[in-house]
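Colleague: Whatever this is, show me its structure:
(chains A and B)
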Amino acid sequence: MSDGEWVRSVLDRYEGRLVRYAARIMKDADRARDVVQDTFVRLCAEDRARVEPRLAEWLFTVCRNRALEVGRKEGRMSSLDDDAIEARESPDASPALALEDRETAGRVARLLAALPSRQGEVIRLKIQEGRSYREISRIMNLSETNVGYLIHVGLKTIRERLRTRADLRPKA
Amino acid sequence: MKVHPDDPRLTAYALGELDASERAAIEAQLADSPECRRAVEEIRELGAMLEEGLAAEPALLLTDAQRSAVVASADRPHRRLAWRWIAVAVAASVVAAAGVGSLWMVREHRAAKSELLGNVREILAETSAQSNHYLFSESTDGSDRSVHFAGYNSPVGQVPPTGRSGNDPVALFFGGKGKPASTLQAIGYVGDSGVDGDTAGAPTSTEAYARIDENPFLDVAHNPLSTFSIDVDTASYSNVRRFLNGGQLPPKDAVRIEELLNYFVYDYPQPAGDAPFGVDVEIADCPWNAEHRLARIGLAGRDVPAASRPASNLVFLIDVSGSMNEPNKLPLVKRSLRLLLDRLDERDRVALVVYAGNSGLVLPSTSCGDKASIASAIDRLDAGGSTNGAEGIELAYDVASKGKIPGGINRVILATDGDFNVGVTNEGDLTRLIEEKAKSGVFLSALGFGMGNIKDATLQKLADRGNGNYAYIDSLAEAQKVLVEQMGATLQTIAKDVKIQVEFNPAVVSGYRLLGYEKRMLRQEDFNDDAKDAGEIGAGHTVTALYEVVPAGKTVPTPAVDPLKYQPTPIPGATTGSADLLTVKLRYKDPEGDASRLLEQPVVDSGSTLDRASDDFRFAAAVASFAMVLRGSPNKGSSTFDSARDLASGARGRDAAGYRAEFLGLVEKARAIAPSPDRESGR
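Modeller: Residues are numbered from 1 along each chain as shown, chains lettered A, B, ... in the order given. Have a look, this model is predicted:
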């Protein structure tokens, strides 16, 4: 496979996941796309042999850092206050809201959204993206123990909420 | 080791994170602790539920333009990515003083090589189905749409003036200034843009398609003449592609056979003598009906560069922000650019810069000798993102300056709805920059699109400062005027008002049917009426039309007409003393002329079989088959997606630009999507 073909196949496999991931961080699908585009453009400039063995980890790491970087920069430059940012996330731009209609997905999204953001993020990386604790620790620049702890606490909180709130309990 | 039910290691165990020895240790503990066992069970249950819920979340995709940019980078030879932040020399000091220096930096995406765009198409063809849903509401009241065909007496005013290429579809496709007329059967759909504002590769939010009633079979005895205007529009193909790549079959009326046919480049012979275009007719078996013949009329515009015209170095700067995602904005921009592109030739260069949240070079300055690449880059443009006009302008000027042609037309052409996010910089700096650039010989033309949102004043001012012109484009007709007739006064139209009239010989032919061109039909009297305008042809253009011909002696699938009472009824199969199958007549005017000229060419059917026909012939037939199957046409005969694919795959020819390969991909895609044999078997 030539490098070009390789990048295309990586695009096909990871594009959707990365935009979804970045959109969570940035709370904006369009800006997430820009970030993911940047991520892939950077991938093109990387040494394939070096990246390939830990491709997913590399992609998520670069994507995350870039998303945070852009978010910080825009935060600094933007004159918008938080209310305005909320307003800008109109219902049709927010990935979270689009899911509300789907029963399980909506329930799960609400449960995760109620957690502290880092807990939600590690759980998504683990369960949605299938990354290992070790990969997550590198992506998020945390210790592996810390990742294990965050996931544990997050899942425990959800379990407790499910126990106390019947409306959130999964069917059967 | 003692494990408590609230130990993170239990979670790690339940999620399969532990290695063999750690697992064994935990399992030893679990044996003694029902509490721990229950905790593990709960975590696993929860994990399964989360997994299910999270798996249902849609993946969001990049826009086509973004993918193009990535692929362009991928195919660049290995080189450390240059995140080059260019402070434009002229403006730097001013800007830095204004304290917004960081936003005046331009990111440079390098080198999208032209041949790569073929690859982009391939990738896009692979793009998985998106999570868009369309509501189809099809009106079933199809009674009063007139069919315009030769000899039919349409009420004046109902036949649209078919003159300017694309005049007619404007009102239909773009919604014009109002709703589609009531006689049009509109199929509207709305993109469920719940997640992403821009629905990459998917149809824009509201579109309406005029109902197409296919030209019927006509018997030669009553209808010896078939008259229509040429049409070089190709929008339907891109539209069909957009649907199929989005995992949907297109609405029937979005499939216009002639636009699919004319999307492809055919290798027709160049004109002899001083005629502006050549006419080539080929006849062979009709692939979808063994009884019938298929006649293909091909026009090839003369490929002559006008020596007097200065070469152009054009940089299109295109706003692809979310607000452009409306039918009368980006889609119209794209079609407008295609119109202009048609007038350019290999001495000209075109680059595409887009701006939205990030700006980027989606097509580096590319010779118009490679129009296919440019056209496909235009097709790929996709709205999404917020606007940062300033960055985009910087980048566009940079590209224009680098490719400057001394003595040529050096111009940045800005296409936007004017929703500039110039808030981050200030407008004074922007106009100063534009002024500086104008002095250096790179001018700015501003084209405003869309309604309501358009900020005329800003654009007007920018264009004034840039020694350029500003035009507001609300329809393709206006684009034609601005981009082709005005700007293109220096560019090249080789003939205008091109009409085709085919006369069939009743001794050889009993009936015929023109595939497509429903919107382009003219009355037979219009052919010699120089006041009736028709389509234009540019240098290097090809136009293709197919007739399905019923040989004499075979039954024409059309209802019988009663014999005439007051004059002799024409006799089918009458001897005419000629072995011609048909005669093609063409009328055209020189670009500056008012009087038409006539070209005439009689054609004899030599009885060629399909396998002896040219690749171009077979490919065009395959495209027509495909279109008819997509339309669920009653005339599709034995056509299926499979037969279209088989026919096309043996007729790819050189296909340097990869268009035909892409077509094959689309056929496959349609075949996979087709819901039921319903559509396949016709309705």
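Colleague: going forward, measure contacts and count neighbours with C-alpha atoms only.
Modeller: Fine.
Colleague: how many other residues sit next to the closest residue to residue B:285 other than its chain neighbours?
Modeller: The spatially closest residue to residue B:285, leaving aside those adjacent along the chain, is residue B:293, at 4.6 Å (CA to CA, 6 or more residues apart in numbering or on different chains). Residue B:293 sits with 25 neighbouring residues when counted by other CA atoms under 10 Å in any protein chain shown.
Colleague: pretty sure residue B:293 is in contact with residue B:551, am I right?
Modeller: Yes - Residue B:293 is within contact range of residue B:551, at 7.2 Å (criterion: CA atoms under 8 Å).
Colleague: Name the residues contacting each of those two.
Modeller: Any residue near both residue B:293 and residue B:551 by CA atoms under 8 Å, 6 or more residues apart in numbering or on different chains counts here, and not one turns up.
Colleague: hang on, the earlier thing: which residues does the residue nearest to residue B:285 contact?
Modeller: Residue B:293 is in contact with B:283-286, B:548-551, counting by CA under 8 Å, 6+ apart.
Colleague: what about 10 Å?
Modeller: Residue B:293 makes contact with B:283-287, B:509, B:512, B:547-551, B:605, B:607-610, according to CA atoms under 10 Å, 6 or more residues apart in numbering or on different chains.
Colleague: Nearest the geometric middle of chain A, what residue?
Modeller: Nearest to the geometric centre of chain A sits residue A:21, at 2.6 Å (CA atoms, centre = their mean).
Colleague: Which of the contacts of residue B:293 are buried, as a ChimeraX select command?
Modeller: In ChimeraX, this line selects whichever of these come out buried by 16 or more other CA atoms under 10 Å in any protein chain shown:
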select /B:283,284,285,286,287,509,512,547,548,549,550,551,605,610
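Colleague: Filter the contacts of residue B:293 down to the ones in strands?
Modeller: Residues from the contacts of residue B:293 lying in strands, with DSSP state E as the criterion: B:283-285, B:509, B:512, B:547-551.
Colleague: Check which helices and strands the one helix or strand residue A:5 maps to sits against.
Modeller: Element membership of residue A:5, judged by DSSP states H and E, is helix A:3-26. Helix A:3-26 sits against helix A:29-45, helix A:48-51, helix A:55-77, helix A:95-99, helix A:117-123, helix B:64-75, helix B:116-126, with contacts defined as 3 or more CA pairs under 10 Å, 6 or more residues apart in numbering or on different chains; DSSP states H and E.
Colleague: That one versus helix A:55-77: what angle between them?
Modeller: On the basis of axes from the mean of the first three to the mean of the last three CA atoms, to 10 degrees, helix A:3-26 is oriented at 50 degrees to helix A:55-77.
Colleague: What mean pLDDT does helix A:3-26 get?
Modeller: Computed over helix A:3-26, the mean pLDDT rounds to 86.
Colleague: Let me know how buried whichever residue of the stretch 1-150 of chain B sits closest to chain A is, in neighbour terms.
Modeller: The minimum distance from the stretch 1-150 of chain B to chain A, using CA to the nearest CA, falls at residue B:53 (3.9 Å). In terms of burial, residue B:53 registers 20 neighbours under the definition other CA under 10 Å.
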